[in-house]
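Asker: I would like to see how this sequence folds:
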Amino acid sequence: MKAAVLILAMAITTIVLRFLPFMIFGKHTPAYVSYLGKVLPQAIIALLVIYCLRDVSVISPPYGIPEFIAGGTVVGMQAWKRNAVISILSGTIVYMVLIRII
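Answerer: Okay, here's the model as predicted:
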């Protein structure tokens, strides 16, 4: 029961935070808010990639090979299919296979 209440509270908070700018500004959204809405998703993804790769050692085996091949898979699939779900799943599958065999 506690978990359900926590999940509900997190969901409500997330929804409110996402709709808050629209409720505050209405149809007259300032240019800087629109700009942030366009650039922040890419910036956040870049920071997550950097965070995930921060402990990869390129001077000791396996030299970061699984991480870089999986990352290349994600980039390649995204360029080819233009579908984030397929790209992320493909990269995850490739990474999981590679860490088992390398």
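Asker: just the mean pLDDT for stretch 2-22, thanks.
Answerer: The pLDDT scores in stretch 2-22 average 93.
Asker: which phi and psi values does residue 72 adopt?
Answerer: Backbone torsions for residue 72, taken as degrees, to the nearest 10, come to phi -60, psi -40.
Asker: how about residue 27?
Answerer: phi -80, psi -10.
Asker: that one - how many residues pack around it?
Answerer: For residue 27, the neighbour count with other CB atoms under 10 Å is 5. C-beta: built from backbone N, CA, C; applies to glycine.
Asker: swap in the one 10 residues further on?
Answerer: Applying other CB under 10 Å, we find 11 other residues in the vicinity of residue 37.
Asker: mind giving me the packing neighbours of whichever strand or helix holds it?
Answerer: Residue 37 is part of helix 31-53, with elements assigned from DSSP states H and E. Applying 3 or more CB pairs under 8 Å, 6 or more residues apart in numbering; DSSP states H and E, one finds that helix 31-53 contacts helix 65-81.
Asker: low-confidence regions, the protein specifically.
Answerer: Along the chain, no part satisfies pLDDT under 70.
Asker: any idea which residue is closest to the centre of it?
Answerer: With distances taken as CA atoms, centre = their mean, residue 45 lies nearest the centre of the chain, 4.7 Å away.
Asker: and residue 66, how many neighbours?
Answerer: 19.
Asker: leaving out the residues flanking it, which one is nearest to it?
Answerer: residue 98 (3.7 Å; CB to CB, 6 or more residues apart in numbering).
Asker: and the helix or strand containing the one you found with helix 31-53, angle?
Answerer: Here residue 98, judged by DSSP H and E, is contained in helix 84-101. Angle of helix 84-101 versus helix 31-53, following axes from the mean of the first three to the mean of the last three CA atoms, to 10 degrees, is 20 degrees.
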